[in-house]
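Asks: have a look; sequence and predicted model below, questions after that.
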Amino acid sequence: IWCDILNLEHISPNLFNFFMENSVIKVGNGRRISFWEDHWASNCSVRVEFPRLFELSDDKEANLNQMIDRRNNSAGWSLRFRRGLRAWEEDELERLRAYLIAHEPIITDSVDSLVCKDSIS
């Protein structure tokens, strides 16, 4: 079914966009969710919200589960970059950390899924 939905993007972009606008990612174990690319925290991706940090990231392909596993209880989210951050980029990193705290995912044993917005309670 998912392949058919993805094919809609080429056949009927409007229908595909309608489907995606009315769907939301339900976090399960975090293994199928791209940390940077998917809309797991809000209505936009972490990549869109923090484009400069994405560009500098060494973890562009990381899934949500991998990023959570690397967290340190005292230091929080552990993000790796290809070079040291400049002062204004450090400010963005602090904003990202606050964003991640505000959108803290709850990991379960279930598989990640895409659900209709109306079915979320």
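Replies: In hand now; what should we look at?

Asks: pull the number of nearby residues for the residue nearest to W2 when sequence neighbours are not counted.
Replies: Excluding the flanking residues, the one nearest W2 by C-beta to C-beta, 6 or more residues apart in numbering is L114, at 7.9 Å. From N, CA and C alone the C-beta is placed, and that goes for glycine too. L114 has 15 neighbouring residues, counting by other C-beta atoms under 10 Å.

Asks: are we agreed that L114 is in a strand?
Replies: Yes - counting by DSSP: H, G, I helix; E, B strand; the rest coil, one finds L114 located in a strand.

Asks: C-alpha coordinates for stretch 82-102, PDB please?
Replies: C-alpha atoms of stretch 82-102 as PDB (Å, rounded to 0.1, in the frame of the first residue of the first chain):
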ATOM      1  CA  ARG A  82      31.600  17.800  10.500                       C
ATOM      2  CA  ARG A  83      33.400  20.800  12.000                       C
ATOM      3  CA  GLY A  84      33.200  22.900  15.100                       C
ATOM      4  CA  LEU A  85      30.200  25.200  15.200                       C
ATOM      5  CA  ARG A  86      30.500  29.000  15.000                       C
ATOM      6  CA  ALA A  87      28.900  31.200  17.700                       C
ATOM      7  CA  TRP A  88      25.700  31.800  15.800                       C
ATOM      8  CA  GLU A  89      25.500  28.000  14.900                       C
ATOM      9  CA  GLU A  90      25.900  27.300  18.600                       C
ATOM     10  CA  ASP A  91      22.800  29.500  19.200                       C
ATOM     11  CA  GLU A  92      21.000  27.400  16.600                       C
ATOM     12  CA  LEU A  93      22.100  24.200  18.400                       C
ATOM     13  CA  GLU A  94      20.700  25.500  21.700                       C
ATOM     14  CA  ARG A  95      17.400  26.300  19.900                       C
ATOM     15  CA  LEU A  96      17.400  22.800  18.400                       C
ATOM     16  CA  ARG A  97      18.000  21.200  21.900                       C
ATOM     17  CA  ALA A  98      15.100  23.300  23.300                       C
ATOM     18  CA  TYR A  99      13.000  22.100  20.300                       C
ATOM     19  CA  LEU A 100      13.800  18.500  21.000                       C
ATOM     20  CA  ILE A 101      13.000  18.800  24.700                       C
ATOM     21  CA  ALA A 102       9.700  20.400  23.800                       C
END
